[in-house]
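Engineer: what shape does this take:
(3 chains)
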Amino acid sequence: MASVTVNNITKHYGKKKELTQALRGVSFTVEQGELFGIIGPDGAGKTSLFRILTTLLLPDAGAASVDGLDVVKDFKAIRQRVGYMPGRFSLYQDLTIEENLEFFATIFNTSVSENYDLIKDIYSQIEPFKKRRAGKLSGGMKQKLALCCALIHKPSVLFLDEPTTGVDAVSRKEFWEMLRNLKKQGISILVSTPYMDEASMCDRVALIQNGSILSVDSPEGVIASFKQPLVAVKDRNMLPLLNHLQAFEGTQDVYPFGEYHHVVLKDGYSAAEVSTYLQHQHAQAEVQPVRADIEDCFIALMKSA
Amino acid sequence: MTTNNIAIQAVELTKRFGDFTAVDAISFEVKKGEIFGFLGANGAGKTTAMRMLCGLSIPSSGKAAVAGFDVYKQTEQIKRSIGYMSQKFSLYEDLTVKENIRFYAGIYGKSDAFIKEKTAFLLKELRLEAEASKLVRSLPLGWKQKLAFSVAIFHEPEIVFLDEPTGGVDPVTRREFWNMIYQAAESGITIFVTTHYMDEAEYCNRVSIMVDGRIDALDTPAALKRKFEARSMDEVFLKLARKAKRSGD
Amino acid sequence: MKQFISFVKKEFYHIARDKRTLFILLGMPIMQILIFGFALTNEVKNARVAIFDQSKDLATQALRSELDASRYFDITQDVHTYSEIEAAFKKGTIKLAVVFPENFANDLDHFNTAQVQLIADASDPNVANTLTNYATAIVLDYQDRITNNRRLPYTIKTEMRMLYNPQLKGAYSFVPGVMAMVLMLVCTLMTAITIVREKESGTMEIMLVSPMRPFKIVVAKAVPYLLLSVVNITSILLLSVFVLDVPINGSLLLLIFESILFTLTCLAFGLLISTRTDSQQTAMFIALTGMFLPTIMLSGFMFPIENMPLPLRILSNIVPAKWFYYIVKEVMIKGLGISAVWKETLILTGMLLFLLLLSIRNFKIRLA
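Structural biologist: Numbers count the residues shown, from 1 in each chain, chains lettered A, B, ... in the order given. Here you go, the predicted model:
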């Protein structure tokens, strides 16, 4: 049975004059025990989607179910069995780590000891500081505590809304490792993130932009769907290089990509033609065909949408 | 005003809070027109260092000059010569695009003629002419950030400080944003930028990485990758930041 | 139930860890009672008095020197017309005027009865009350002394005129008034703020996605403030009885019951505010303008309602504090029982139910 199904959900905010369409007919399913990523920039509709699935908002149209329960009709039952970590740090800052955890355990009609196994790996990292107030914790520690609190009642589905936003690269890596471990316990996990590079950590991803899903697939599947030839080009002076590449007849799109520029070529062109084109002005240029990554795909999908 | 080509110079710059040393004797130079990436894990001391350079916080010891002005005594002059933009606070959501521009330009005491002419130019550049009288709240995030950057350099500062300017912005707009940074740098504005996106570190001329209050590495992205035998800046960053003993915000 | 207790416990942590707010909550009633008590009922000393003696006989001379000898009064001027008295009051040079009519001693001798008129500036009702009481006491004292030597009792009738505030509302009023104010502040303001704070910090989001029923959340939030209020009621009553000598003339049990009824009404109003607002600032603003100001202005505590224009008199009826203030005065000061205040009690109960119903209907089980 699918853990989460979303069927043509739409949602808007505001009245006529300042109407924002947050979701424009979103559909996908998440299988039991899957680590599913919803990847898109701020304002794409990720939070609205999560709030609908956690029964905090009502959709305008469409249907969705969590654990086979309807998000509108069965909201009470859903609230018994999902774990939710909202975008901002939402624990009680004036309570200690221990007090927060115990409080959330009782609210969900359980106790810390009952499901300790589930959180042990994560909690043990912050346990030495359990008498410290949540407000005084570092970003990484807060995030671990929030995850423990969302897990304490052994939810069947876990919703994490942008858990890694504003967190540095090291803590982000650690967080994803924790999620991979949780997945082994059979919990279905939905994570949203604006960081494209985190897609590779998921079983499957939905790329979302402007309230519409661009693609739903495994990270490899998304990448495989990128059919155009792609080359990475580098030279000492990158800005003029970008302008020259833009002028190349075989270029469909070109954009900076880390230390390289990525050039999406029209069908029939290849790295060799790019090298020949650059011979005169950029004799030193390094040109090599590369495999697209999620960000390339996202850009391509955004531009074709 | 300095006549040499150094925009920012810090020598053993230190900030202590009680017995906690947030910034531990950092020394570096940023050249005029350079795009300088200022990286570090949460709690490494980036924000504190940036505050000192902006004249918002007096250092505990060490020396620093920004646009040739001393960070101890000439903070007012510094504030006139810099622009500042952060992800968290940039524009007033309940003012229109035009009102925001007008307000910020007014702070720096620019003449009405200058403001009028430059506003028209800027709106055209950003393709925001149709939205000029709309509330900033109604703009997509990417546009807000581009507008915020334009406002930060509206008074033609010598240096602009950007604190995570592209957080949460979509990949296409992020690149458009960097394009604007390049243009500003071409026109001679020095860019001092922090980011969590490691691919953006590659766009910088030089990058410094702070760990536990110290600058542990400072060089061009290419040189850093060679030195740390890493394929990407991401790896360089992870190798350095994993050594960090302290963590925080 | 465990959920509920755990929630209440958490609320106490919040309150206990915000030491400054806790100090204000518990210290405020004490401060207010003391400030109001001592500022408004301080003994009157050497009040300036004008004498309008139309008789100028032995008896009036005697009374005059009795008054002057008292440490409460200072005779500062003699006047010869009522308009002079009026003028002196307007200028504020006197606090009290004593008028002896013509043939004072004569009347006393021949008819065994005479009149003294005491005119006080009752714009400050406490002072006016105290002054006329003292003056009356001095007159009665004199009367007793001369009666001892005669066969028939003499009667000197004192006739009091309270200028500007004839009913003399306001005496002892500060105790019921402060009670209303403090309960209002603790319950309405704090309940509204504490719920809205959870919305602001995002914890309400998690609470809503938990099996905890929204109604339970709200009740759990109210419990600590109800208890705090009981502490405050106790401290106010103790202070007024033992420090300010304001007696509890009626049933203590009834007084406490009425106070709790009013506390609940305030809690319900705070709850209603919290369901309609999303920021602590707005909540505070609405609580202050919607409840606190009317409590001060329209409850009869500061300004007598009888003297207000009709629209304000009508408006004052929807202010719960007006009814509570009335009840406390009747029970605590006048010593009356439930039979005297059952109507007002019913009105308060009605308000409580109405506010509760409205806020439960308004409480959102979702975010938007």
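Engineer: wait, isn't C:Ser6 in contact with A:Phe103?
Structural biologist: Yes: C:Ser6 is within contact range of A:Phe103, at 5.9 Å (criterion: C-beta atoms under 8 Å). Using the backbone N, CA and C atoms, a C-beta is placed for each residue, glycine as well.
Engineer: compare the two (neighbour count), which wins?
Structural biologist: Just comparing C:Ser6 and A:Phe103: by other C-beta atoms under 10 Å in any protein chain shown the higher neighbour count belongs to A:Phe103, 21 against 18.
Engineer: okay, and the nearest residue to that one once chain neighbours are set aside sits in which element?
Structural biologist: Spatially, and ignoring its direct neighbours in sequence, A:Phe103 is nearest to C:Lys10 (5.2 Å; C-beta to C-beta, 6 or more residues apart in numbering or on different chains). In this structure, C:Lys10 sits in helix C:2-17 according to DSSP states H and E.
Engineer: which other residues reach that helix?
Structural biologist: By C-beta atoms under 8 Å, 6 or more residues apart in numbering or on different chains, the residues outside helix C:2-17 that reach it are A:92, A:94-95, A:99, A:102-103, A:106-107, A:109, C:21-22, C:25, C:194, C:211-212, C:216-217, C:219-221, C:223-224, C:228.
Engineer: repeat that with 10 Å
Structural biologist: A:92-96, A:99-100, A:102-109, A:111, A:133, C:21-22, C:25, C:190, C:194, C:197-198, C:207, C:210-213, C:216-217, C:219-225, C:227-228 (C-beta atoms under 10 Å, 6 or more residues apart in numbering or on different chains).
Engineer: remind me which helix or strand C:Ile347 belongs to.
Structural biologist: Using DSSP H and E, C:Ile347 maps to helix C:338-362.
Engineer: would that helix count as contacting chain A?
Structural biologist: No: using C-beta under 10 Å from any C-beta of the partner chain, we find that helix C:338-362 stays clear of chain A, coming within 16.6 Å at best.
Engineer: so which bits of that helix are buried?
Structural biologist: Within helix C:338-362, the residues that qualify as buried by neighbour count (16 or more other C-beta atoms under 10 Å in any protein chain shown) are C:341, C:344-345, C:347-348, C:351-352, C:355-356, C:358-359.
Engineer: break chain A down into its structural domains.
Structural biologist: A:2-219, A:230-304 (automatic domain parsing).
Engineer: what helices or strands is the helix holding C:Ile347 leaning on?
Structural biologist: helix C:214-242, helix C:252-276, helix C:320-328 (3 or more C-beta pairs under 10 Å, 6 or more residues apart in numbering or on different chains; DSSP states H and E).
Engineer: tell me which of these approaches chain B most closely.
Structural biologist: Closest approach to chain B among these (C-beta to the nearest C-beta): helix C:252-276, 20.5 Å.
Engineer: does whatever helix or strand comes next after the closest one reach chain A?
Structural biologist: Counting by DSSP H and E, the next helix or strand C-terminal to helix C:252-276 is helix C:280-287. No: Helix C:280-287 does not reach chain A (C-beta under 10 Å from any C-beta); its nearest approach is 14.3 Å.
Engineer: so what touches whichever helix or strand comes after helix C:280-287?
Structural biologist: Next along the chain after helix C:280-287, taking DSSP H and E as the criterion, comes helix C:293-298. By C-beta under 10 Å, 6+ apart, the list of residues contacting helix C:293-298 from outside reads C:177, C:180-181, C:183-185, C:188, C:266, C:287, C:301-303, C:305, C:308, C:312-313, C:315-322, C:324-325.
Engineer: give me that answer again for 8 Å
Structural biologist: By C-beta under 8 Å, 6+ apart, helix C:293-298 touches C:180-181, C:184, C:301-303, C:305, C:308, C:312, C:315-316, C:319, C:321-322.
Engineer: ok, of those residues, which one's closest to chain A?
Structural biologist: Nearest member of the contacts of helix C:293-298 to chain A, counting by C-beta to the nearest C-beta, is C:Met184, at 25.4 Å.
Engineer: pretty sure that closest one contacts C:Leu288?
Structural biologist: No: counting by C-beta under 8 Å, C:Met184 does not reach C:Leu288; the two are 9.9 Å apart.
Engineer: look up the closest residue to A:Met141, ignoring the ones flanking it.
Structural biologist: What sits nearest to A:Met141 in space, not counting adjacent residues and going by C-beta to C-beta, 6+ apart, is A:Ile126, at 5.3 Å.
Engineer: and for C:Glu11, the neighbour number?
Structural biologist: Using other C-beta under 10 Å, C:Glu11 has 17 other residues around it.
Engineer: any low-confidence regions in the stretch 51-200 of chain C?
Structural biologist: Counting by pLDDT under 70, the ranges of the stretch 51-200 of chain C that qualify are C:126, C:148-173.
Engineer: and with 80 instead?
Structural biologist: The stretch 51-200 of chain C contains residues with pLDDT under 80 at C:71, C:92, C:108-109, C:111-112, C:121-130, C:143-175.
Engineer: just to revisit the earlier point, avg pLDDT for the helix holding C:Lys10?
Structural biologist: For helix C:2-17, mean pLDDT rounds to 89.
Engineer: just for chain B, where's the confidence low?
Structural biologist: For chain B, applying pLDDT under 80 flags the ranges B:1-4, B:42, B:87-90, B:243-249.
Engineer: quick check: the spatially closest residue to B:Thr166 that is not a sequence neighbour vs chain C, distance?
Structural biologist: Of all residues not flanking B:Thr166 in the chain, B:Arg174 sits nearest, at 4.8 Å (C-beta to C-beta, 6+ apart). Separation of B:Arg174 from chain C (C-beta to the nearest C-beta, to the nearest Å): 27 Å.
Engineer: what about B:Arg174, how many neighbours?
Structural biologist: Using other C-beta under 10 Å, B:Arg174 is surrounded by 27 other residues.
Engineer: likewise the one 4 residues further on?
Structural biologist: Counted with other C-beta under 10 Å, the neighbours of B:Trp178 add up to 21.
Engineer: quick check: it vs chain C, distance?
Structural biologist: Look at B:Trp178 and chain C: by C-beta to the nearest C-beta, they are 32 Å apart.
Engineer: picking up where we left off before, C:Met184 and C:Leu288: which has the busier surroundings?
Structural biologist: For C:Met184 versus C:Leu288, the count of surrounding residues by other C-beta under 10 Å is larger for C:Met184: 29 against 14.
Engineer: is it true that A:Leu214 lies in a helix?
Structural biologist: No: looking at A:Leu214 with DSSP: H, G, I helix; E, B strand; the rest coil, it is strand, so not inside a helix.
Engineer: how far away is it from chain C?
Structural biologist: The value you get for A:Leu214 to chain C, if C-beta to the nearest C-beta is used, is 26 Å.
Engineer: which ones are touching that residue?
Structural biologist: Contacts of A:Leu214 by C-beta under 8 Å, 6+ apart are A:207-208, A:298, A:301-302, A:305.
Engineer: what's the answer for C:Leu238, then?
Structural biologist: So C:Leu238 contacts nothing (C-beta under 8 Å, 6+ apart).
Engineer: no more questions from me, cheers.
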